[in-house]
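Here is a sequence with its predicted model. Questions after.
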Amino acid sequence: MKASHLRPEFIEFIPEWLEPGVLYISRRYSTASHLCCCGCGREVVTPLNPAKWRIVENGGQVSLTPSVGNWSFPCQSHYWINANRVQWAPAMAPEVIQAVQARDRRDADLSAPKPQRWFIRMSHQLAEASTAIVAKLTSWWR
């Protein structure tokens, strides 16, 4: 049965068995989970981070943004969770789904931490210094 509302439940650990109609939110582990709102019974895991989803709380109600697109599920459901309500999106063509997935991968790549230049320089300097030390120790032992 399709869900029309989700009740937020703030917990530390996501439970092993999820109840229909509940959006479990773990601030500690930056994760939200719920059973797919279409009623298929599959677990939907939404990592909470700038490249994926975020929770917005307002007066005891929560919204999960952006939308949830379960493209890898047989149901391929797509919906928004806005103020505890499930708002259904129309079906999407396979090529549109592929474009959305490609954009999501790009967004994740762009938000991934990049090594700082000073760290890269320092690691090169440490590698050179350790090579020099090994060379000196080797010549000393001979």
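Yes, it's here.

and Cys75, what does it touch?
Going by CB atoms under 8 Å, 6 or more residues apart in numbering, Cys75 touches Cys36, Cys38, Cys40, Arg42. (Each C-beta comes from the backbone N, C-alpha and C, glycine too.)

So for the last one, what's the pLDDT?
As predicted, Arg42 sits at a pLDDT of 97.

Around the residue lying closest to it once chain neighbours are set aside, how many other residues sit close by?
Of all residues not flanking Arg42 in the chain, Cys36 sits nearest, at 4.7 Å (CB to CB, 6 or more residues apart in numbering). Neighbours of Cys36 under the rule other CB atoms under 10 Å: 19.

wait, Cys36 sits on Val44?
Yes. At 5.3 Å, Cys36 counts as touching Val44 under the criterion of CB atoms under 8 Å.

Are there residues contacting both of the two? Which ones?
Asn70.

so what strands line up beside the helix or strand hosting Leu23?
Assessed by DSSP states H and E, Leu23 sits inside strand 22-26. Strand pairing for strand 22-26, using DSSP bridges, gives strand 7-10 (parallel), strand 31-35 (antiparallel).

Could you check how far Gly69 is from Pro20?
Separation of Gly69 from Pro20 (CB to CB, to the nearest Å): 20 Å.

Mind jotting down where the helices sit in the protein?
94-111, 117-141 (DSSP state H).

Tell me how many other residues crowd Ser63.
16.

Show me what it is bridged to.
Counting by DSSP bridges, Ser63 forms beta bridges with Val56.

again with His34
Counting by DSSP bridges, His34 forms beta bridges with Val44.

who's in contact with the nearest residue to Tyr24 once chain neighbours are set aside?
Among residues not flanking Tyr24 along the chain, Ser33 sits closest, at 4.9 Å (CB to CB, 6+ apart). By CB under 8 Å, 6+ apart, the contact set of Ser33 is Ile14, Leu18, Leu23, Tyr24, Glu43, Val44, Val45, Thr46.
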